[in-house]
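1. The sequence and its predicted three-dimensional model are supplied below.
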Amino acid sequence: MKTINFLILLISLLIVISSCERKDVDIFIIEGQITDDISNQPIEGVEIRVDAIKSSSGMGIISNGKRKTVGKATTDRNGYYKAKLKVFNGAQRLEISINENNKKEGYADGYLDASLSTLNKGASTIFNHAISPTAILKIKFINTSPQSNADKFILNWCNCGQGLTKGIINRENCGTVKESEGGQWIGEDVCGVYTIEAVAGRKSDFSWYVTKNNETRLFLDSVFVARGVLNEFLINY
């Protein structure tokens with residue numbers, strides 16, 4: 001008899017707990033396909049993380065904001081993913097991070113933002129997304145004659161395009177002058193190389209400042225970054 005009473009009590013507690021959980025969260029399901037934005041082919045092994053956000057700004061980054069990871073998934077060989085989300089009450093938006101920190105090599109990251117009011121309760125909501133492939137771009141710069149110790153060079157590269165890449169992944173010095181604070185190269189014998197992971201299949205924009213004879217000039221250029229090859233650009237200043 002005591003055993004039966006204990007089982008009844010245990011079942012009652014489980015019912016209460018499960019009821020509380022249902023009141024504390026809303027269940028949503030999202031699914032979709034992640035593809036290559038050039039080839040349109042599906043991408044396997046892309047990680048997806050979903051954050052629910054409650055904030056007066058909708059971004060969860062100011063005072064009294066709230067952010068919580070509510071689901072994760074990884075794409076299969078067909079690029080498909082499916083995530084069950086347990087979203088806390090009061091959440092307003094979802095931020096879907098795709099390939100965050102470029103964990104899938106050779107691809108940029110991506111983000112989707114969605115209002116919870118647009119999601120289907122009791123059914124899946126589809127979020128397809130295309131992410132950009134990346135390729136290596138090497139920009140080499142050399143100080144040419146006439147030269148002086150007061151010469152200055154600064155390179156600015158824009159990490160622009162469909163998603164973010166790892167950016168500058170290596171800096172080489174092929175001259176005697178070393179890069180100083182703020183990315184400046186000051187002196188005569190400047191020779192350097194920036195190795196950059198850039199978005200492939202489009203132009204990569206960059207600019208550089210050159211100071212010579214007490215005159216500073218701004219230069220603008222771009223290079224088409226082809227996929228699957230080493231892309232190079234030379235600056236003689």
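-> Great, that's in hand. Numbers count the residues shown, from 1 in each chain.

2. who's in contact with the residue positioned nearest the centre of the chain?
-> In the chain, the C-alpha nearest the mean C-alpha coordinate belongs to Asp109, at 3.6 Å (Cα atoms, centre = their mean). Neighbouring residues of Asp109 by Cβ atoms under 8 Å, 6 or more residues apart in numbering: 97-102, 131, 163-164. Quick note: C-beta positions are derived from backbone N, CA and C, even for glycine.

3. Tell me, what's the model's pLDDT at it?
-> The confidence metric pLDDT takes the value 95 at Asp109.

4. if we can go back for a sec, looking at the contacts of Asp109, which two lie furthest apart in space?
-> Asn101 and Ile131 (13.0 Å; Cβ to Cβ).

5. Which one's more surrounded, the two?
-> The residue with more neighbours, out of Asn101 and Ile131, is Ile131; 22 against 10, by other Cβ atoms under 10 Å.

6. Who does the more buried one form a beta bridge with?
-> Beta-bridge partners for Ile131, by DSSP bridges, are Asp36.

7. Test my guess that it contacts Ala108.
-> Yes. Here Ile131 lies in contact with Ala108, judged by Cβ atoms under 8 Å, at a distance of 5.8 Å.

8. Can you identify each of the helices in the protein by residue range?
-> 2-24 (DSSP state H).

9. For Glu215, which residues are in contact?
-> Contacts of Glu215 by Cβ under 8 Å, 6+ apart: none found.

10. What's the separation between it and Asp221?
-> As judged by Cβ to Cβ, to the nearest Å, Glu215 and Asp221 stand 19 Å apart.

11. for Ala91, same thing?
-> Ala91 is 45 Å from Asp221, by Cβ to Cβ.

12. So if I had to pick from those two, which one is more boxed in?
-> For Ala91 versus Asp221, the count of surrounding residues by other Cβ under 10 Å is larger for Ala91: 21 against 13.
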